[in-house]
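K.L.:
output the structure for:
(one chain, ligands or ions: 1)
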Amino acid sequence: MASPPQPCVCVTGAGGFIASWLVKLLLSRGYAVHATVRDPSDRKNAFLKELDGASENLRLFQADVLDYGTLAAAFAGCEGVFHPATPVVGDKLVDPEKEMMAPTVKGTRNVLEACSATNVQKLVVVSSVAAACFDPNWPEDRLKDESCWSDKQICKEIESWYCLAKTEAEEMALEYGQKNGLHVVTFLPGHVVGPLLQTAVINISIKVFQYIIKGGSETMNNKFWPLVHVQDVADALLLVYEKGEPSQRYIGALEQMDIKDMVALLKTMFPNYDYVDKAVDVDYKLAFAADKLRSLGWKPRSLEETLADGVEFLEKAGLLREPCRLPYLYDMTAEE
Ligand SMILES: NC(=O)c1ccc[n+]([C@@H]2O[C@H](COP(=O)([O-])OP(=O)(O)OC[C@H]3O[C@@H](n4cnc5c(N)ncnc54)[C@H](OP(=O)(O)O)[C@@H]3O)[C@@H](O)[C@H]2O)c1
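P.N.:
Numbers count the residues shown, from 1 in each chain. Model (predicted):
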């Protein structure tokens with residue numbers, strides 16, 4: 001008897017930190033994967049073809065989220081799409097509209113419309129806790145959950161373009177799904193750490209983690225840090241794809257602590273690093289609940305395991321030998 005056809009899904013921005021772990025997981029679970037990258041000939045994306053199962057079940061597609069046609073070509077034949085592709089930048093933006101808002105918001109609109117045009121059944125949009133962090137009316141003593149949305153006006157006032165872009169894109173995706181009968185689920189990870197599948201490009205969340213361990217002259221924000229392991233993020237994305245309810249948001253973050261407490265814990269585990277020692281206290285705390293995702297069956301690693309895996313990866317990759325800089329947008333004392 002012929003075996004049933006493999007389910008086929010597409011992952012946007014597949015060479016990225018989170019997306020590449022998701023591609024690896026999907027291949028290991030028997031999915032055929034259409035992986036989009038902006039430049040298939042760029043050496044930084046070559047590792048995707050080396051993943052287990054890639055030679056049989058991975059197809060690379062050139063696609064830019066601002067180019068609708070390239071997305072539609074990559075989605076053709078797919079039952080589902082995962083959309084992590086977003087610029088995640090650490091530098092000060094010169095043109096926020098062009099560098100952040102358009103690729104995130106218009107890019108997500110293109111993904112939604114390309115899903116409808118190609119009969120994709122389900123879409124998982126990778127949002128962020130950034131879309132749930134600035135609600136001035138949220139009670140201070142209550143963990144933020146999926147009913148919490150960042151206030152777009154506040155995001156604009158503080159020029160937090162990433163928070164604004166992620167909030168607008170997520171809101172639009174959920175509304176679009178409801179109006180157009182597309183099964184859309186959004187996933188909001190905290191600050192993602194863990195091993196990179198390649199070391200040609202170090203993404204921003206790893207650069208920040210590297211700075212926390214190495215320390216340096218820049219000053220961090222002593223807010224709460226909702227960490228989560230990259231493989232637990234990949235697991236969560238597949239879980240919400242397979243079991244998530246349409247039009248629902250799911251937060252994925254571990255229990256949270258501020259930088260000072262995190263550094264104190266890290267020092268008990270890895271005493272030989274300098275660690276960040278300049279952190280300014282802020283009058284808000286970010287703490288999120290992941291109960292909804294856990295109720296679907298999400299079983300993330302503990303905070304200690306997550307931290308240990310993150311540090312051990314950096315050690316093995318030689319990324320703790322040289323001095324490093326805190327990305328500009330995370331430096332509380334950066335000059336304008
Ligand atoms: N890492 C975190 O801590 C964290 C936390 C919360 C949410 N997230 C979300 O998770 C997603 C992935 O983040 P990440 O940390 O894995 O970032 P990453 O490694 O920097 O990956 C971002 C990906 O987006 C792609 N991309 C950017 N602009 C694009 C465009 N115009 N068209 C097509 N692709 C484009 C990049 O492709 P190129 O290689 O071509 O530049 C890259 O593959 C993002 O949506 C981010 O907002 C991340």
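K.L.:
below-threshold pLDDT in the stretch 101-250 of the chain: ranges please.
P.N.:
Within the stretch 101-250 of the chain, no stretch has pLDDT under 70.
K.L.:
now with 90, please.
P.N.:
Applying pLDDT under 90 to the stretch 101-250 of the chain picks out residues 134, 140-141, 158, 199-200, 215-225.
K.L.:
show me what from this structure comes close to the ligand.
P.N.:
Within reach of the ligand by C-beta under 6 Å from any ligand atom, the chain has these residues: 13, 15-19, 38, 64-66, 84-88, 103, 107, 126, 128, 166, 189, 191-192, 203, 205. For the C-beta atoms, the positions are set from N, CA and C on the backbone; glycine is no exception.
K.L.:
in strands, which of the residues you listed appear?
P.N.:
V126, P189, H191, V192 (DSSP state E).
K.L.:
just say helix, strand or coil for T186.
P.N.:
When classified by DSSP: H, G, I helix; E, B strand; the rest coil, T186 comes out as strand.
K.L.:
surely it meets S128?
P.N.:
No: with contact defined as C-beta atoms under 8 Å, T186 does not reach S128; the gap is 9.6 Å.
K.L.:
returning to what we had before: need the max-distance pair from the ones in strands among the residues of the chain next to the ligand.
P.N.:
The most widely separated members of those, counting by C-beta to C-beta, are V126 and H191 (13.8 Å).
K.L.:
now stretch 199-217: buried residues?
P.N.:
Neighbour-count burial for stretch 199-217, with 16 or more other C-beta atoms under 10 Å as criterion, is recorded at 199, 202, 204-216.
K.L.:
do stretch 261-269 as well
P.N.:
Here stretch 261-269 shows M262, V263, L266 as buried, counting by 16+ other C-beta under 10 Å.
K.L.:
and what of stretch 272-292?
P.N.:
By 16+ other C-beta under 10 Å, the buried positions in stretch 272-292 come out as Y273, Y275, V276, K278, A279, L286, A287, F288, A289, A290, K292.
K.L.:
list the contacts of the fifth one.
P.N.:
Right, the one you point to is A279. Counting by C-beta atoms under 8 Å, 6 or more residues apart in numbering, A279 touches T219, M220, N221, N222, D258, I259, K260.
K.L.:
same deal with the fourth one?
P.N.:
Applying C-beta under 8 Å, 6+ apart, we find K278 in contact with S217, E218, T219, M220.
K.L.:
adding secondary structure, write those out as CSV.
P.N.:
CSV is the format used below for the contacts of K278 (three-state DSSP):
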residue, secondary structure
S217, coil
E218, coil
T219, coil
M220, strand
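K.L.:
just the buried ones from those residues?
P.N.:
When the contacts of K278 are checked for burial by 16+ other C-beta under 10 Å, the buried set is E218, T219, M220.
K.L.:
closest one of those to the ligand?
P.N.:
Among the buried ones among the contacts of K278, M220 lies closest to the ligand (C-beta to the nearest ligand atom), at 15.0 Å.
K.L.:
grab the nearest non-local neighbour of the closest one.
P.N.:
The shortest distance from M220 to any non-neighbouring residue, by C-beta to C-beta, 6 or more residues apart in numbering, is to A279 (4.7 Å).
K.L.:
before we move on, what about S217?
P.N.:
Counting by C-beta to C-beta, 6+ apart, the residue nearest S217 is K278, at 7.7 Å.
K.L.:
so how far is G215 from the one you found?
P.N.:
Counting by C-beta to C-beta, to the nearest Å, the separation of K278 from G215 is 8 Å.
K.L.:
for stretch 300-310, give me every contacting residue.
P.N.:
Against stretch 300-310 from outside (C-beta under 8 Å, 6+ apart): 193-195, 209, 227-229, 231-232, 235-236, 252, 254-255, 257, 262, 265-266, 269, 290.
K.L.:
buried residues in it?
P.N.:
For stretch 300-310, by 16+ other C-beta under 10 Å, it's P300, R301, L303, T306, L307, D309, G310.
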